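In: Below are the sequence and a predicted model for it; my questions follow.
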Amino acid sequence: FKEIQIFYVPEASTRLAMLLTGEAHISEVERSLKAEILKRGMKVESATLPGISTQIGFGGNHLSEKDVKGPLSNKLVRQALTLAFDQASIHKTIFEGDGERMVVAGVYNKDEAFNPDWKPYPYDLVKAKALLAQAGYPNGFDLELWTARYPGAPELPDVAEAAATTWNQIGVKVKIVESEFGVIRGKYISGAWTGTQAYTFRGSADPSFRLLDAYYTSPGVGAGVLHFYESPFIDERWKKFLSSIDPVERTQILKELGNFVYDEYAVIPLLWLSGLAGINPAVVVEYKCDFEIMGPTRCHEYTKAVRK
């Protein structure tokens, strides 16, 4: 190819139309459209590795000196929302069974820090409703759920709709805020989320020593990027991790952090995914890439064109 053009097109139907009409030759595709794309004579390639993590983050869980209050700072509320999130159904329907169910956000299912005793959280609306009452919210509360169409996981607004539907059944009145990645990124980097805001999130599927740092440590202690859930326990253990040169001890600390996050219902886990790329076989012979969170915008120096 003499040149490459990259278009930003958030609408799935428009991306499909561009692929089918030849306006685009490689396009990110949603899993619900995979059958239609194949039926129309196109090819679909998965990224070479599961490079995407998806989850729902809770706002307001910062160190006490930040004095951020709200229902999401209550463990019982986070547990209730987690139990009222039908992960298995969302995996089967919205994602067409693609990917692996996540158990702990920050620890991949085959990572050295993964605990085989962890099980996916169950779906239990009755218990979720009881937990809300126990937490002091028998009639629920108002919640903003922010979402965006991320590269690699354009289905996340549909996940937000599904979550809002089941959360409404336990009394939580959800207002969905459709935004853009740049806006959401600015809010989590600055720690601006409140205790009445949650958000869908798509990140990379890195090793646990990178994700646990980025997701949960406080600024000045670790990377402190996402601020999913800050805690003195996390910061203390992370300092120990950084000072240790013993690989066994370091792995044990990662396991302790994973156990803590799991027990605290710090984040609602969703899926580990591989991105999907639709390809026009009349133009492109092969596109193989671990394009992670970037969508099919990478590795085109290796893309093989049809000879004409």
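Out: Okay, I see it.

In: Over to the residue nearest in space to the middle of the chain. Which of the three states is it?
Out: Per C-alpha atoms, centre = their mean, the C-alpha nearest to the average position across the chain is that of Thr54, at 1.7 Å. The local conformation at Thr54, judged by DSSP: H, G, I helix; E, B strand; the rest coil, is strand.

In: Hmm, Pro154 and it touching each other?
Out: No. With contacts counted by C-beta atoms under 8 Å, Thr54 stays clear of Pro154, the gap being 10.9 Å. For glycine as for every other residue, the C-beta is placed from the backbone atoms N, C-alpha and C.

In: any idea how far the residue nearest to the residue nearest to the centre of the chain when sequence neighbours are not counted lies from Gly70?
Out: Excluding the flanking residues, the one nearest Thr54 by C-beta to C-beta, 6 or more residues apart in numbering is Leu270, at 4.1 Å. Distance, Leu270 to Gly70, by C-beta to C-beta, to the nearest Å: 22 Å.

In: ditto for Ala153
Out: 26 Å.

In: of these two, who's got more company?
Out: Taking other C-beta atoms under 10 Å, Ala153 and Gly70 do not tie; Ala153 has more neighbours (28 against 18).

In: Helix or strand next in line after the helix or strand in which Asp213 is found, which one?
Out: Taking DSSP states H and E as the criterion, Asp213 maps to helix 208-216. Downstream of helix 208-216, the next assigned helix or strand under DSSP H and E is helix 232-243.

In: Can you point out the buried residues in the following helix or strand past that following helix?
Out: Downstream of helix 232-243, the first helix or strand assigned by DSSP H and E is helix 247-263. Buried residues in helix 247-263, defined by neighbour count with 16 or more other C-beta atoms under 10 Å: 250-262.

In: Give me the distance from helix 247-263 to the chain's centre.
Out: Distance of helix 247-263 from its chain centroid, counting by C-alpha atoms, centre = their mean, to the nearest Å, is 21 Å.

In: quick one, that helix and helix 208-216 angle?
Out: Here the directions of helix 247-263 and helix 208-216 differ by 40 degrees (axes from the mean of the first three to the mean of the last three C-alpha atoms, to 10 degrees).

In: In this structure Gln169 contacts Leu125, no?
Out: Yes. Proximity of Gln169 to Leu125 meets the contact threshold set by C-beta under 8 Å, at 5.8 Å.

In: now Gly295: how far from Val159?
Out: 18 Å.

In: Point out where this structure drops to low pLDDT.
Out: 308 (pLDDT under 70).

In: In it, what residue spans correspond to helices?
Out: 12-21, 34-39, 75-83, 87-93, 125-134, 156-168, 181-189, 208-216, 232-243, 247-263 (DSSP state H).

In: residues making contact with the third one?
Out: Helix 75-83 is contacted by residues 58, 71-72, 121-125, 127-129, 131-132, 134-135, 137, 167, 170, 172, 198, 264-266, 268 when judged by C-beta atoms under 8 Å, 6 or more residues apart in numbering.

In: Mind giving me the PyMOL command for buried ones among those?
Out: The following PyMOL line selects those of those that are buried, judged by 16+ other C-beta under 10 Å:
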select buried, resi 58+71+72+121+123+128+129+131+132+135+137+167+170+172+198+264+265+266+268
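
In: ok so, going back, dump the helices of the chain to CSV, plus distance to Asn115.
Out: Formatted as CSV, the helices of the chain follow (distance: least, C-beta to C-beta, whole Å):
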stretch, distance to Asn115
helix 12-21, 36
helix 34-39, 33
helix 75-83, 17
helix 87-93, 18
helix 125-134, 23
helix 156-168, 25
helix 181-189, 26
helix 208-216, 11
helix 232-243, 15
helix 247-263, 6
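
In: Out of those helices, flag the one nearest Arg202.
Out: helix 156-168 (6.4 Å; C-beta to C-beta).

In: who touches the closest one?
Out: With C-beta under 8 Å, 6+ apart as the criterion, helix 156-168 contacts 54, 56, 81, 84-86, 89-90, 94, 125, 143, 145, 147-150, 174, 176, 178, 200, 202, 268, 270.

In: With stretch 299-308 instead?
Out: 1, 4, 26, 281-291.

In: Could you check how far it is from the centre of its chain?
Out: On C-alpha atoms, centre = their mean, the centre of stretch 299-308 falls 31 Å from that of its chain.

In: tell me which residues of that stretch are tucked away?
Out: Buried-residue list, stretch 299-308, by 16+ other C-beta under 10 Å: Thr303.

In: Dump that stretch to PDB, keeping only the CA atoms.
Out: Taking Å, rounded to 0.1, in the frame of the first residue of the first chain, the C-alpha atoms of stretch 299-308 are listed here in PDB:
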ATOM      1  CA  CYS A 299       0.700  -3.400  12.500                       C
ATOM      2  CA  HIS A 300      -0.100  -2.300   9.000                       C
ATOM      3  CA  GLU A 301       3.500  -2.500   7.900                       C
ATOM      4  CA  TYR A 302       2.800  -6.300   7.900                       C
ATOM      5  CA  THR A 303      -0.700  -6.100   6.300                       C
ATOM      6  CA  LYS A 304      -0.700  -8.200   3.100                       C
ATOM      7  CA  ALA A 305      -2.400  -6.700   0.000                       C
ATOM      8  CA  VAL A 306      -4.000  -8.500  -2.900                       C
ATOM      9  CA  ARG A 307      -1.700  -8.400  -5.900                       C
ATOM     10  CA  LYS A 308      -3.200  -6.800  -8.900                       C
END
